[in-house]
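>>> Here is the input, now give the coordinates:
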Amino acid sequence: MTGTFERALALHREGRFDEARALYEAILQEQPRHFDALNLLGTIALQRGDYTGAIALITQALEVQPRLPGAYNNRGVALKELGRLHEALRDYDKAIELDPANAQAHVNRGVALKLLGHPQAALASYDQALALAPTDPVAHNNRGVVLHGLKQLDAALAALDEAVRLQPAYADAWCTRGATLQEMGRLEDAVASYLHALQLRPAYAEAWSNLGAAQHDMGRFDEALASLQRATSIDANYADAWWNQSLIHLLLGRFEVGWQLYEWRRKATSTRAEYRDFAQPLWLGAPPLRGRTILLHAEQGLGDTIQFCRYAPLLVQQGARVVLEVPDVLVPVLRGMNGVQVIARGSALPAFDYQCPLMSLPLAFGTTLRTIPAAQRYLQPDAAKVQRWSARLGPRTKPRVGLVWSGRPTHRMDRERSIPLAQLAAVLPQGFEYISLQKELREEDGRALGNVRHFGDDIADFADTAALCELLDVVVSVDTAVAHLAGALGRPTWVMLAAVPDFRWMLGREDSPWYPGVRLFRQDATRTWGPVLEQVALRLAAMDAGSSPA
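Numbering: from 1, shown residues only. All right, here's what the predicted structure looks like:
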């Protein structure tokens, strides 16, 4: 059988898998416990994507020779592809125990650890692999991917630069490099990196999608749509690319197609974890709800919940019993909506007939620019809290201005939407009482408070924030949940926006079709905050002279 095995091995190495497999199977007819035939048959199954078959064959091989590290590594790969990550990790660990110098097993172990949500442990595995094989481009790339996820962007870029230096035709590394540059705000460099990936692999859907996202961030919307459409022409089920198309259509006011495509968010990588399956059917406008109970459940950010809860009373008007499930911090400020039962996420749900995520309601109502339900005020502050905060603020001696200068630091667009307090404070005119509506402060902002009154943890929830907003002459905010809250309360609100804002603020207008009391201050082509802050300061100065804050 030695000659047969050698012929089979030669055919296998030439990629003639069917012929090699036939010879391996012939060997097993006579020697059912032939380790090499079992193991290599398993390898062929692995190479062909038959992961279940690969596991079965390699397991039989390991029953014959249980101390072969390569077999454990290969079985681990098959287990990983089937999503059996803990089992895969055990196999990689066994391969490393038997052969500590097996760099590939360390790389594969890192992949499993990353997928299991242990990025630091994954990073340690990649470091170990590179200590053994410092010129392995895959290890450098994978290390860059983990560092990108950890927001260590400079280190990620260095790792990815090394990956493409070692393997210039490494399309995946060029694509991840582009994503890292994009998150660093280096959009032109990101586009160049994506284009390089696409030169290497023209049918690379992820690179087309990422290119479209970068072009969107640059304000090149026609190009962005073309790139995203290339991605979905390659992969018709590419949810991220469809969803990103929706954001452009909505930003440009093309609501009919935008809301339809926005439904892809339920499958998109960055948002799908927020969606739940219910036995009750999804309601998207039909059937009539009179006498029926519908659960509206919040999704994405707090600002999104505040913006789209406006539809709940419309369902009450249609005769529905409406249950609105929201994050607990919003319950106190939303529970006053007429006819709506507001409950905290995680509470026991009452019986209901239909369900709808909040941000599908514009689609369900067929919302266009002309039909946005834009009441001047659809939320009310708690009267008792207003009274308490009025006493806390004391007698009014000057116009009061609420300030919000930064959002959540982990937000993908934090670099674009947040402003250092020192930069804002430098242009604020005298003659006003400035009230911080921020609950938490970044360290550098804490040092820049100056004469800005800050209450911190005394603002227990959004009901406190709403009460404060009620006592202010104007709220000046970057794009955060407080901007939505002040707008929903009907308070004069000035929102400072990046050059390419979130879709809800649209383009080129100073007003918002969603909030009649909101005025928008946009970055110009310089993409800096200086001109925006100058406009705000001039408007405040005019307000001090007696004009309306709106």
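
>>> Could I get the contacting residues of the spatially closest residue to residue 271 that is not a sequence neighbour?
If the residues on either side of it in the chain are set aside, residue 271 comes closest to residue 265, at 4.6 Å by C-beta to C-beta, 6 or more residues apart in numbering. C-beta here means a position set from N, CA and C on the backbone, and glycine is covered the same way. Neighbouring residues of residue 265 by C-beta atoms under 8 Å, 6 or more residues apart in numbering: 239, 243, 246, 271-272, 359.

>>> Next: residue 167.
Neighbours of residue 167 in contact, by C-beta under 8 Å, 6+ apart: 137, 173.

>>> Nearest residue to residue 540 in space, please, no chain neighbours.
Of all residues not flanking residue 540 in the chain, residue 429 sits nearest, at 5.4 Å (C-beta to C-beta, 6+ apart).

>>> And that neighbour, how close does it get to residue 265?
41 Å (C-beta to C-beta, to the nearest Å).

>>> do the same with residue 385
With distances taken as C-beta to C-beta, residue 385 is found 34 Å from residue 265.

>>> next one: residue 243
5 Å.

>>> For the stretch 351-500 of the chain, which segments count as strands?
354-357, 400-404, 433-436, 474-478, 493-497 (DSSP state E, counting those that start in this stretch).

>>> returning to what we had before: name the residues contacting each of residue 243 and residue 265.
residue 271.

>>> In contact with residue 96, which residues?
69, 102, 105-106, 109.

>>> as a whole number, average confidence for the helix or strand containing it?
Applying DSSP states H and E as the criterion places residue 96 in helix 85-98. Helix 85-98 comes out with an average pLDDT of 96.

>>> Please point out which parts of the helix or strand that it is followed by sit buried.
On the C-terminal side of helix 85-98, the nearest following helix or strand under DSSP H and E is helix 103-115. By neighbour count with 16 or more other C-beta atoms under 10 Å, helix 103-115 contains the buried residues 103-114.

>>> Then stretch 128-138?
Quick answer for stretch 128-138 (16+ other C-beta under 10 Å): 128-130, 132-133, 136-138.

>>> For this protein, give me the ranges with low pLDDT.
1-2, 8, 411-412, 544-550 (pLDDT under 70).

>>> how about 50 then?
Counting by pLDDT under 50, the chain shows no low-confidence range.

>>> Setting aside sequence neighbours, what's the nearest residue to the most centrally placed residue in it?
The centre of the chain sits closest to residue 270, judged by C-alpha atoms, centre = their mean, with a distance of 3.5 Å. Of all residues not flanking residue 270 in the chain, residue 240 sits nearest, at 7.4 Å (C-beta to C-beta, 6+ apart).

>>> The one you found against residue 266, yeah?
No - judged on C-beta atoms under 8 Å, residue 240 makes no contact with residue 266 at a distance of 11.9 Å.

>>> So these two - more neighbours on which side?
residue 240 (25 against 18; other C-beta atoms under 10 Å).

>>> what about residue 332, distance to residue 466?
8 Å.

>>> Look at the two and report which has more neighbours.
The neighbour comparison of residue 332 against residue 466 (other C-beta under 10 Å) goes to residue 466, with 27 against 18.

>>> returning to what we had before: select, out of the strands of the stretch 351-500 of the chain, the one closest to residue 305.
strand 354-357 (10.5 Å; C-beta to C-beta).

>>> Work out for me the element residue 526 sits within.
Here residue 526 is assigned to no helix or strand, by DSSP H and E.
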